[in-house]
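Colleague: sequence and predicted structure below; questions after.
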Amino acid sequence: MMNSRIAEIAVEKAAYSFDKAFDYVIPDSMLDKAVAGTRVLVPFGRGNRKRQGIITAVHQGESKGLKSVISVLDDEPVLNDEMLKTAAFMKSHYFCTFYEAVKTMLPAGINYKVTTMYGAKDESEFSFDELTDEEKRVYNYLFSKRKAVKSEVLLDAFGYSTTEPFELLVQKGVLYKSDEIFRKVNDAVMKMAAVTPEVDISGVKLTEKQKNVFELIEMAGAISVKEVCYFTGVTAAVVDALCKKGLIYFFDEEVFRIENRQKDSSLKEIVLSEEQQSACDSLYNEYDSPFPSVSLLYGVTGSGKTSVFIKLIEKVIDDGKGIIVMVPEISLTPQFVSQFAKRFGDKIAVFHSALSLGERLDEYKRVKQGLAQIVIGTRSAVFAPFDKVGLIIMDEEQEYSYKSESSPRYHAREIAKFRCSYNNALLVLSSATPSIETYYYAQTGRYSLNTLSARYGKAVLPEVVVADMGEELKNGNTSGFSNVLLQNIAYNIEHKKQSILLLNRRGYNTFVTCRACGEAVTCPNCSISLTYHSANNRLMCHYCGYSVPYTDECPVCHSHRLTFGGTGTQRAEKDISDIFPEARILRMDTDATSSKSSYEKMISAFADGEYDILVGTQMVAKGLNFPNVTLVGVLNADHMLYADDYRSYERSFSLLTQVVGRSGRGNDKGMAVIQTFTPENLIISMASRQDYNTFYSNEIKVRKAMLYPPFADICLVGFVSQNREAAFKGAVKFLELFTEEAKKNYPNMPLRILGPTPALVVKISNKYRFKIIIKCKNNSEFRALLSKILCEFGKSKEFSGVTAYADMNALVC
């Protein structure tokens, strides 16, 4: 058998237990395009259903018994060698399929979807009279369309839950079906006009308007039809007439759906303090070395870390390497983009989920084509398609929004380290409250450390007051706002200063209970209480989205004695507006910022002084810089302190420190008021002093004693099923398989296993969840052991209704 070109292809929708590269023959007509990193369409499985795949490698080999590639979907590779290796890294570290990793790297708009289509055959091929009335209805519908229709459109049109009725008609020869591929978003193009080469108009009769149009196109060389009509005042019909005469021709030119980013040439150069300059120089020296490195830029809130970023980028941008700047929240992106756009103009691109699919696709293409050199964005920005990365900056690196909670369950910091290692680049981790692991690595020499110990310029850290809400209640204050906070809000309103109030609970009331039977009103799909939202007078589940109109009737005992409890941001907004009716109040949480560009509009409006008070969840606590804010109030610090997770103190300290740091960033001294029922709590005391070093010293001792990260890794193995008993039994069986394999083939591997136990929220969307916790070292041996058992469990018919997944250092353990 003669040798052929063979493509090794990772196929979509493969189960993790069966995921591998499959060999396919590349037809001669596709040899030029079917290269590593391009997506293809292939026949897969016994039914040869069309599936997408991506070529991971190409080699010479025998083609006997192999299927052939159907088509190549990309004109050029969507992933280079680095990103293919990144996908392989993700597969081995995050226990996902190769194609899941690929889809995560690409913008949603560029992804294709294989869809089953059904169409009507000619009546001569079957007996129409033998069909049932319902079958005739389906046939007549499709026949009237004159073309094949997507299966999801048909299901919606007839109200079916499965395609079984259409499949039966295919078997009877009434319908035909095919698999077609569609892309979610098409490229944006502009219709252009140009003069036909070597055209002679001397013998052509033209109207005055046509002459004007021809002369304009001839002078411009190539110009959009839209511009032709604008400058000459004619309609498109006049331009079309010239095309019909053969004098001009049309072509499409790609355009980008992005906002205009103008460099501000009048902007003053940033002047760094001595401490900032020292940090910038040190970071540049690491960047300039021939080896990859990781550095922690640790600076108190308001110390000017962003200025250091900008100066460092100004020093390295002429090297032509890609630069990635990551922020943890979409709410931080507008301020960052504004700052960077003024300095670097259209050299920046923006990656985050609030962009439309078309905008995301265009920003991706600008980077891939070398039109943008700096990417600013949230977690997904780490996959920016640069040919070579030189610098990655991760602001607020401690934030858990950098960790994905769905497969692939990656952490952007780990991907950033992998890319920097591949490119011999520099990773800068920046924070006022670094994660315990990061600061430990900086202290022990694994990372370098640069410290900014003082606020920039004249700004000083705010005065912090801890308000005892127990004492406030004793004194008859039931408003939820301490007297010291109310006094300072009133002062700020009078003196035209701004205030921020943090309450990390959205909605109006966080739970509803019955005074007759004592039961809370819970979600029927999840084991969680419903939250009352006043804007639509509904009770809503923040896990699955279930909602129901509010009534005062208890769903358990049917008495009319429901009562509200807990306070969310909607309630806080109303209460503060009742106390200060003259105040202009802005609420910022996920309910208020669901529409496109809402973050940008709200932040700009607050920065421009259109509001006096900003009420919000944790999205108002980090990274934002408002010089006119001189007061911050934390309405309930206790909510965050007592979560069922070993990181709760770290999260609480970070959030409190960050929100306190929003105050007094301008020329005026700031104040922060932390309201609590436990004023003696050490975390509150240390956060109020902005004393990270003491917090770290205490926390690292606990981590070492309890064998928590960074002294061990914690792997959560989760089990999900619609049947509670099946989920639990699956967890028990997995543990049995895991321990047997560990004892047999990995006897010296240090492991501590806890569980199986119910998840913190045992039911979500009518699916039950159990977990096993494994304290381990996340090395290749452990991953090989875990992967083997996941594959073995996934192939088990007994537990086909149970989904098992692994999450290394999960957000909640």
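Modeller: Here it is on my side, so go on.
Colleague: partner residues bridging the closest residue to V660 other than its chain neighbours?
Modeller: Nearest non-adjacent residue to V660, counting by Cβ to Cβ, 6 or more residues apart in numbering: A672, 4.1 Å away. C-beta here means a position set from N, CA and C on the backbone, and glycine is covered the same way. Beta-bridge partners for A672, by DSSP bridges, are V464, V632.
Colleague: who's in contact with A672?
Modeller: Contacts here follow Cβ atoms under 8 Å, 6 or more residues apart in numbering; on that basis A672 touches 462-465, 631-634, 659-660, 663, 688.
Colleague: do that again at 7 Å, thanks
Modeller: Taking Cβ atoms under 7 Å, 6 or more residues apart in numbering as the criterion, A672 is in contact with 462, 464, 632, 660, 663.
Colleague: what is the neighbour count of the first one?
Modeller: Going back to what we said before, that points to P462. Residues near P462, counting by other Cβ atoms under 10 Å, number 26.
Colleague: now the strands for the stretch 1-150 of the chain?
Modeller: In the stretch 1-150 of the chain, the strands defined using DSSP state E, counting those that start in this stretch lie at 3-11, 21-25, 39-44, 49-62, 71-72, 112-120, 149-150.
Colleague: nearest to P549, of these?
Modeller: P549 lies closest, by Cβ to Cβ, to one member of the strands of the stretch 1-150 of the chain: strand 149-150, at 34.5 Å.
Colleague: strand partners of the closest one, parallel vs antiparallel please.
Modeller: Strand 149-150 is paired, per DSSP bridges, with strand 112-120 (antiparallel).
Colleague: in the partner strand, what counts as buried?
Modeller: Residues of strand 112-120 classed as buried under the neighbour-count rule (16 or more other Cβ atoms under 10 Å) are 114-118, 120.
Colleague: which outside residues touch it?
Modeller: So strand 112-120 is in contact with 39, 50-52, 73, 139, 142-143, 147-151, 154, 163, 166, 175-184, going by Cβ under 7 Å, 6+ apart.
Colleague: for this structure, which spans come out with low pLDDT?
Modeller: Residue ranges of the chain with pLDDT under 70: 1-2, 184-189, 254-260, 331, 457-459, 591-597, 622-624, 643-644, 813.
Colleague: can you give me the domain boundaries for it?
Modeller: Split into domains by automatic domain parsing, the chain comes to 3-111, 114-183, 189-254, 274-452, 466-506+568-703, 513-562, 713-808.
Colleague: next up, phi/psi of the residue in the chain sticking out farthest from the centre, please.
Modeller: Distance from the centre of the chain peaks at G203, with 61.3 Å (Cα atoms, centre = their mean). Taking degrees, to the nearest 10, you get phi -100, psi 10 for the backbone angles of G203.
Colleague: before we move on, the earlier item: turn the domains of the chain into TSV, columns for distance to K263.
Modeller: Below are the domains of the chain laid out as TSV (distance: least, Cβ to Cβ, whole Å):
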stretch	distance to K263
domain 3-111	25
domain 114-183	33
domain 189-254	23
domain 274-452	3
domain 466-506+568-703	19
domain 513-562	41
domain 713-808	42
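Colleague: so which of those comes closest to L267?
Modeller: Closest of the domains of the chain to L267 is domain 274-452, at 5.4 Å (criterion: Cβ to Cβ).
Colleague: mind checking the end-to-end distance for the closest one?
Modeller: 10 Å (Cα to Cα, to the nearest Å).
Colleague: for the chain, what's the longest helix?
Modeller: Ranked by number of residues, the top helix in the chain under DSSP state H is helix 724-745.
Colleague: list the buried ones in it?
Modeller: 726-731, 733-735, 737-738, 742.
Colleague: same check on stretch 740-760?
Modeller: Quick answer for stretch 740-760 (16+ other Cβ under 10 Å): 742, 751, 753, 755-756, 758-759.
Colleague: picking that back up, looking at the strands of the stretch 1-150 of the chain, which is nearest to P627?
Modeller: strand 112-120 (47.4 Å).
Colleague: for I714, give its distance to L206.
Modeller: Per Cβ to Cβ, to the nearest Å, I714 is found 77 Å from L206.
Colleague: which of those two has more residues huddled nearby?
Modeller: I714 (20 against 15).
Colleague: part of a strand, is that one?
Modeller: Yes - counting by DSSP: H, G, I helix; E, B strand; the rest coil, I714 is part of a strand.
Colleague: begin at 14 from here
Modeller: Okay, using 14 as the starting number, the last item reads as I727.
Colleague: dump the residue contacts of it.
Modeller: Residues 721, 786, 788, 822, 826 are the ones in contact with I727 under the rule Cβ under 7 Å, 6+ apart.
Colleague: what about the closest residue to the first one other than its chain neighbours, which SS state?
Modeller: Meaning Y721. Excluding the flanking residues, the one nearest Y721 by Cβ to Cβ, 6+ apart is Y659, at 5.3 Å. Three-state assignment for Y659 (three-state DSSP): coil.
Colleague: how about residues contacting stretch 788-805?
Modeller: Counting by Cβ under 7 Å, 6+ apart, 29-30, 105-106, 108, 720, 725-728, 747, 750-751, 754-755, 759, 762-765, 817, 819, 821 sit against stretch 788-805.
Colleague: burial count for the closest residue to K258 other than its chain neighbours?
Modeller: Among residues not flanking K258 along the chain, V217 sits closest, at 6.2 Å (Cβ to Cβ, 6+ apart). Neighbourhood size, V217 [other Cβ under 10 Å]: 13.
Colleague: show me where the stretch 314-463 of the chain has its helices.
Modeller: 318-329, 346-357, 370-381, 425-436, 449-456 (DSSP state H, counting those that start in this stretch).
Colleague: orientation of the last one relative to helix 425-436 in degrees?
Modeller: Computed with axes from the mean of the first three to the mean of the last three Cα atoms, to 10 degrees, the direction of helix 449-456 lies at 40 degrees from that of helix 425-436.
Colleague: residues touching the spatially closest residue to V388 that is not a sequence neighbour, list them.
Modeller: Distance criterion Cβ to Cβ, 6+ apart; nearest residue to V388, sequence neighbours excluded, is A397 at 4.0 Å. Residues counted as contacts of A397 (Cβ under 7 Å, 6+ apart) are 335, 337, 364, 380, 388.
Colleague: what two of these are the furthest from one another?
Modeller: Maximum distance among the contacts of A397 (Cβ to Cβ): 12.2 Å, for G335 and F364.
Colleague: so which elements touch the longest helix of the chain?
Modeller: Under the contact definition 3 or more Cβ pairs under 7 Å, 6 or more residues apart in numbering; DSSP states H and E, helix 737-758 sits against strand 726-734, strand 765-777, strand 780-789, helix 793-807.
Colleague: coming back round to it: correct me, but the residue nearest to K258 touches K257?
Modeller: No - assessed by Cβ atoms under 7 Å, V217 is found out of contact with K257, at 11.5 Å.
Colleague: wouldn't I696 be in contact with R664 here?
Modeller: No - I696 sits out of contact with R664 when judged by Cβ under 7 Å, with a separation of 9.9 Å.
Colleague: could you pull up phi and psi at the nearest residue to V208 once chain neighbours are set aside?
Modeller: Once flanking residues are discounted, V208 sits nearest to E231: 5.0 Å by Cβ to Cβ, 6+ apart. Dihedral pair for E231: phi -60, psi -40, per degrees, to the nearest 10.
Colleague: E231 contacts A206, correct?
Modeller: No - with contact defined as Cβ under 7 Å, E231 does not reach A206; the gap is 10.4 Å.
Colleague: who's more crowded, these two?
Modeller: The neighbour count for E231 versus A206, taken as other Cβ under 10 Å, is higher for A206 (24 against 15).
Colleague: quick check on the more buried one: phi, psi?
Modeller: phi -130, psi 140.
Colleague: distance check, it against A254.
Modeller: Distance from A206 to A254, by Cβ to Cβ: 12 Å.
Colleague: please consider this matter closed, and thank you.
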